[in-house]
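Chemist: kindly return the folded structure for what I paste below:
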Amino acid sequence: MPVYTINGASRPTKVVDVAGDFKKVFPKSVDFSKFRDFSTLGDGTHVWKNAFQQGLPVETDYLPKQLKWGHGELKKGLPDLLKHNSIFIVSENLRRVVDEYEPGVHQFSQVEIVWKNGGSSIPYYWFYPCNRIDSINDALSTFDFDEHGGRPKRWRYRPGGKLVYDLQKIGGTHLWLDRGYFSTDGIMISETLKNAFEANGLTGILYFKHEAV
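Modeler: Sure, this is the predicted structure:
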């Protein structure tokens, strides 16, 4: 059974909420006092003081509350998965499906999208996955990795290499970021959740298939 990375194209949106400030958005309940830009969690992995998804909830006070769509109103409406500043934005329909499979796990913070031509606003959500797990099969993966002082592996892309995911480690998790290899390029999901997205007709989602054993 494979697993998937999902992604969505960056869309022509502009922050119109003057109180929004991504520089003040970072993981909540994390002590950044020892080092300025990062902190080490109890499992030995690092978390960075920025607004990107890292498998943890963030402080939401300074997330923009309103975005302006860069074009006029679309007859077919907006896709269910959008991206702004490398952060995912999702529709109510996508939020509902995720909550059906992992209720109360992930962070959704409301943001309104308004049309450039002044049309009515549409409720969307900044989306922060909050499962941060070790999901990679160490024996079969051939990416390079760093491993210092007994800390978990930090995987690095290597041309010609591959990552293989481990279904036993993943267990019943349906949506996550891997603690040793994550970026702003996508979120991991199970095949079960992919099938649910497709069955609900969710749009704007790019799927990238990965081997899992």
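
Chemist: Leu56 and Asn93: what is the separation?
Modeler: Leu56 sits 25 Å away from Asn93 when distances are taken as CB to CB, to the nearest Å. For glycine as for every other residue, the C-beta is placed from the backbone atoms N, C-alpha and C.

Chemist: care to break this structure down by domain?
Modeler: Following the assignment in automatic domain parsing, the chain carries domains at 10-128, 132-210.

Chemist: mean pLDDT, mean neighbour count and distance to Met1 added to these, as TSV?
Modeler: Converted to TSV, those look like this (pLDDT from 0 to 100; neighbours: other CB atoms under 10 Å; distance: least, CB to CB, whole Å):
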stretch	mean pLDDT	mean neighbour count	distance to Met1
domain 10-128	86	16	16
domain 132-210	86	16	5
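
Chemist: out of those, flag the one nearest Val3.
Modeler: Distances from Val3 to each of the domains of the chain were compared using CB to CB; the minimum, 5.0 Å, belongs to domain 132-210.

Chemist: compute the number of surrounding residues for Gly8.
Modeler: The tally of other residues near Gly8 (other CB atoms under 10 Å) stands at 20.

Chemist: wait, isn't it in contact with His84?
Modeler: No - proximity of Gly8 to His84 does not meet the contact threshold set by CB atoms under 8 Å, at 10.1 Å.

Chemist: for this structure, what spans make up the helices?
Modeler: Along the chain, the stretches classed as helices by DSSP state H are 92-101, 167-170, 191-199.

Chemist: could you export the ones you listed as JSON lines, including distance to Lys49?
Modeler: Formatted as JSON lines, the entries for those read as follows, by distance: least, CB to CB, whole Å:
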{"stretch": "helix 92-101", "distance to Lys49": "26"}
{"stretch": "helix 167-170", "distance to Lys49": "28"}
{"stretch": "helix 191-199", "distance to Lys49": "30"}
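
Chemist: what's the closest of those to Gly44?
Modeler: Among the helices of the chain, the nearest to Gly44 by CB to CB is helix 167-170 (16.4 Å).

Chemist: so for Asp61, which of the helices of the chain sits nearest?
Modeler: For those, proximity to Asp61 was assessed by CB to CB; helix 92-101 is nearest, at 20.4 Å.

Chemist: gap between Arg132 and Asn200?
Modeler: Arg132 sits at a distance of 26 Å from Asn200 (criterion: CB to CB).

Chemist: same check on Gly8?
Modeler: Here Gly8 is placed at a distance of 16 Å from Asn200 (CB to CB).
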